[in-house]
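Trainee: return a 3D structure for these sequence lines:
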Amino acid sequence: MTLQTVDYGSADPNAQTIDWVRVIRPDGSVERFIASDQVTMPDDATPDLEHLQQAEPARRMDCLDCHNRVGHPLPSPRREVDLAMSDGRIDATLPQVKAQAMAILTAGYPTLGAADAAAASLRDFYRLRYPEVADARTVAIDDAVTEVQLIYRLAATPEMKVTALTYPDNLGHTDFPGCFRCHDGRHVSTKGKVLSTECSVCHTMPERGPLMPLGTISSDRKLPWHPVELQGKHARILCNQCHSAGYRPPSECAECHKMDTAAPMMSMACTDCHQKVGEAKPLTSCRECHDTLPGLHKKGGHPDSACTDCHKPHTWKVTGRDRCLECHSDMKEHNAPKPCTECHDFRKGRSAKN
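Mentor: Okay, here's the model as predicted:
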């Protein structure tokens, strides 16, 4: 059987980002693709492609471009935790045990002692968040701590500055980019063809359920393939961007997007402002809720400004001086370092000038 030949170019010695791809088929036809972030002239990508092919020597794709850990595999923390839970070495009924274990295992530590201390913090997590579980299931929590400490030793070596993220495994695409280095939906041919990211091109759709061999289809369990419905941007981003080295991201928007849950309006649903699920825009106008604005909002240039000129999204409350000084730069030394709102009250309309 005659196979097609694939060449590629990368500025990264480890080829974790691939800038161009050339496919030579058995009939002699050639198709070339370029990463969209390397295109400077959208109307014609050929000059950029030619430049990249001169700047980055062609590499012939072979088995080791994907099977790069053969002979010296490093355990995936995600798989090891799954196996430990399946075998009972980690009690799968402990609340959030996988999320906490993955957060510990994908972090970096200066010493094994520091890593062991991080694993031991599981006990503190349960004491603070689930005190009844901590009291009733001490043995299960201790076993989980021991297993996480063991898995860390298999996946990382602090004295050599090696973490679970140091050496990518290109086979697959859940823990590292792997297949998505080319099949990311962003490599486009000079004729506009896009390298596919469709799951079914290579394998059956993933299934959730008991640990089964890859590709096995369960006849009696039909859970959604992803625990959270992926909509909007979340349906387009690549798996490894959230699950780097098997990391399990939080399911709450505010936790994943690093938002202060104590900030004003954070008790509202995301869709109260973001009209499409999983998309930043379009946004509902602030005036849909804030139809009347008090005090200094009505004075000077404030009525003509966008709300976000002063109110940083997801923080909203104006503190300090920096936000005000973006417009009022002439007031940099005025009553410094006091916050502007100490004298200028936007809610009541009180100003130092009044």
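
Trainee: contacts only, for Ala84.
Mentor: Under the criterion of Cβ atoms under 8 Å, 6 or more residues apart in numbering, the contact list for Ala84 reads 90, 147, 151. Bear in mind the C-beta positions are built from the backbone N, C-alpha and C, glycine included.

Trainee: out of those residues, who's nearest Arg79?
Mentor: For the contacts of Ala84, the closest approach to Arg79 (Cβ to Cβ) belongs to Ile151, at 9.8 Å.

Trainee: helices - which of the contacts of Ala84 land there?
Mentor: The helices, defined by DSSP state H, take in 147, 151 from these.

Trainee: ok, so of the contacts of Ala84, who is nearest Tyr126?
Mentor: Comparing those against Tyr126 with Cβ to Cβ picks out Ile90 as the nearest, at 13.2 Å.

Trainee: okay, that closest one: pLDDT?
Mentor: What the model reports for Ile90 is a pLDDT of 96.

Trainee: name the nearest residue to it, sequence neighbours excluded.
Mentor: Ala84 (4.3 Å; Cβ to Cβ, 6 or more residues apart in numbering).

Trainee: mind listing what's buried in the host helix or strand of the one you found?
Mentor: In the assignment (DSSP states H and E), Ala84 maps to helix 77-87. Of the residues in helix 77-87, those with enough neighbours to count as buried (16 or more other Cβ atoms under 10 Å) are 77-78, 80-82, 84-85.

Trainee: format the residues you listed as a markdown table; extra columns: distance to His187 and pLDDT.
Mentor: Conversion of the buried residues of helix 77-87 to a markdown table gives the following (distance: Cβ to Cβ, whole Å; pLDDT from 0 to 100):
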| residue | distance to His187 | pLDDT |
| --- | --- | --- |
| Pro77 | 29 | 89 |
| Arg78 | 26 | 86 |
| Glu80 | 32 | 92 |
| Val81 | 32 | 93 |
| Asp82 | 31 | 89 |
| Ala84 | 37 | 94 |
| Met85 | 36 | 93 |
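
Trainee: any idea which of the residues you listed is closest to Tyr167?
Mentor: For the buried residues of helix 77-87, the nearest to Tyr167 is Pro77 (12.8 Å; Cβ to Cβ).

Trainee: need the helices for this protein, in chain order.
Mentor: Using DSSP H, helices in the chain cover 46-55, 77-87, 97-105, 112-129, 131-136, 138-155, 239-242, 253-256, 307-310, 322-325.

Trainee: looking at those helices, which has the lowest confidence?
Mentor: helix 239-242 (a mean of 76).

Trainee: I'd say Cys273 and Thr284 touch.
Mentor: Yes: with the criterion set as Cβ atoms under 8 Å, Cys273 and Thr284 qualify as a contacting pair; they are 5.3 Å apart.

Trainee: the two: which is more packed in?
Mentor: Between Cys273 and Thr284, counted using other Cβ atoms under 10 Å, Cys273 has the larger neighbour count: 18 against 12.

Trainee: just the closest of the buried residues of helix 77-87 to Gln38, please.
Mentor: Ranking the buried residues of helix 77-87 by separation from Gln38, with Cβ to Cβ as the measure, puts Arg78 on top at 31.0 Å.

Trainee: just checking, which helix or strand of the protein averages the lowest pLDDT?
Mentor: Taking mean pLDDT, DSSP states H and E as the measure, the helices and strands of the chain show their lowest mean at helix 239-242, namely a mean of 76.

Trainee: which elements pack onto that one?
Mentor: Helices and strands touching helix 239-242, by 3 or more Cβ pairs under 8 Å, 6 or more residues apart in numbering; DSSP states H and E: there are none.

Trainee: so what's Glu279 up against?
Mentor: Here Glu279 is in contact with 232-233 (Cβ under 8 Å, 6+ apart).

Trainee: now Arg321
Mentor: So Arg321 contacts 336-340 (Cβ under 8 Å, 6+ apart).

Trainee: Ile90 and Pro57: what is the separation?
Mentor: Distance of Ile90 to Pro57, computed by Cβ to Cβ, to the nearest Å: 46 Å.

Trainee: where does this protein dip in pLDDT?
Mentor: Across the chain, residues meeting the criterion (pLDDT under 70) sit at 1-2, 205-212, 214-217, 221-222, 244-248, 349-354.

Trainee: domain-wise, how is it divided?
Mentor: For the chain, the structural domains run 77-160, 295-342, going by automatic domain parsing.

Trainee: of those, which stretch is the most buried?
Mentor: Counting by mean count of other Cβ atoms under 10 Å, domain 77-160 has the highest mean neighbour count of the domains of the chain, with a mean of 17.

Trainee: start and end of it, how far apart?
Mentor: 18 Å (Cα to Cα, to the nearest Å).

Trainee: same question, stretch 171-182
Mentor: Start-to-end span of stretch 171-182 (Cα to Cα) is 13 Å.

Trainee: contacts for it?
Mentor: Applying Cβ under 8 Å, 6+ apart, the contact partners of stretch 171-182 are 8, 15-18, 21, 33, 66-69, 76, 78, 168-170, 183-184, 195, 197, 202, 238-240, 243-246.

Trainee: among the residues you listed, the buried ones, what's the ChimeraX command?
Mentor: Selecting only the buried members of these in ChimeraX, with burial defined as 16+ other Cβ under 10 Å, works like this:
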select :8,15,18,21,33,66,68,76,78,168,169,170,183,184,195,197,238,239,240,243,244,245,246
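
Trainee: quick one: which of the contacts of stretch 171-182 sit in strands?
Mentor: 8, 21, 33 (DSSP state E).

Trainee: now these as CSV including distance to Ala101?
Mentor: Listed next are the ones in strands among the contacts of stretch 171-182 as CSV, based on distance: Cβ to Cβ, whole Å:
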residue, distance to Ala101
Tyr8, 36
Val21, 37
Phe33, 39
